[in-house]
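Colleague: Attaching a predicted model along with its sequence, questions to come.
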Amino acid sequence: MSHPLGPTLETARLILRPPVQDDLDAFAAFSADAENVKFVGGAQPRSSTWRGMASIAGSWALLGYGMFSVIEKDSGRWIGRLGPWQPAEWPGTEVGWGLLRETQGKGYATEGASAAMDWAVDHLGWIDIIHCIDPANVASQKVAERLGSKNRGPGRMPPPFQDAPIDIWGQTAAEWKARRR
């Protein structure tokens with residue numbers, strides 16, 4: 001399946017595709033929930049969420065990749081965003097994730113990030129994949145561990161997030177491929 005900005009990936013339970021305008025209401029609800037986004041900049045109003053979503057779509061248009069909208073196959077609803085991400089001055093080639101609170105703990109982040117990592121290695125030619133994770137974000141650390149990534153130590157985000165504490169988790173493409181065999 002194809003999308004004007006990029007591919008559509010399917011897993012057992014998820015559809016991953018570039019964002020579309022119709023995702024805004026769900027994306028805005030996700031971004032307005034302070035608990036959902038406490039480790040990625042905090043709650044945002046709808047207008048800021050639109051700019052963030054447009055930034056993801058712009059990444060697809062400019063770089064040929066970006067975060068995917070995550071659609072739950074059974075319900076057809078938007079449940080989050082995840083995938084390859086590397087804005088200007090980012091600490092590396094990242095596959096990140098963020099899902100609605102009520103869908104967390106079901107293995108969706110690991111399932112979707114695995115598909116995104118396969119795609120980043122096989123189609124983008126990435127040789128290293130990182131995850132920028134707040135040291136207090138235990139749930140994301142567990143996802144990174146399930147993916148086979150290791151904590152490489154403290155990192156630094158570009159402005160305006162330069163003061164946010166992060167650890168860089170990651171692995172090489174060779175490590176990822178060996179794990180997937």
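Modeller: In hand now; what should we look at?
Colleague: what about the strands in the protein?
Modeller: Using DSSP state E, the strands of the chain run over residues 9-10, 14-17, 68-72, 78-85, 94-99, 128-133, 150-155, 166-172.
Colleague: Kindly give the local confidence score, pLDDT, for the residue lying closest to Gly58 once chain neighbours are set aside.
Modeller: Excluding the flanking residues, the one nearest Gly58 by C-beta to C-beta, 6 or more residues apart in numbering is Gly66, at 7.7 Å. (Each C-beta comes from the backbone N, C-alpha and C, glycine too.) You'll see Gly66 listed with a pLDDT of 96.
Colleague: Name all residues that make contact with Thr110.
Modeller: Val143, Arg146, Leu147 (C-beta atoms under 8 Å, 6 or more residues apart in numbering).
Colleague: ok now the top helix by length along the chain, how far from the chain's centre?
Modeller: Identified as the longest helix of the chain according to DSSP state H is helix 46-63. Chain-centre distance of helix 46-63: 13 Å, with C-alpha atoms, centre = their mean, to the nearest Å.
Colleague: Could you list every helix and strand that that helix packs against?
Modeller: helix 24-32 (3 or more C-beta pairs under 8 Å, 6 or more residues apart in numbering; DSSP states H and E).
Colleague: One more pass at 10 Å, please.
Modeller: Helices and strands touching helix 46-63, by 3 or more C-beta pairs under 10 Å, 6 or more residues apart in numbering; DSSP states H and E, are helix 24-32, strand 68-72, strand 78-85.
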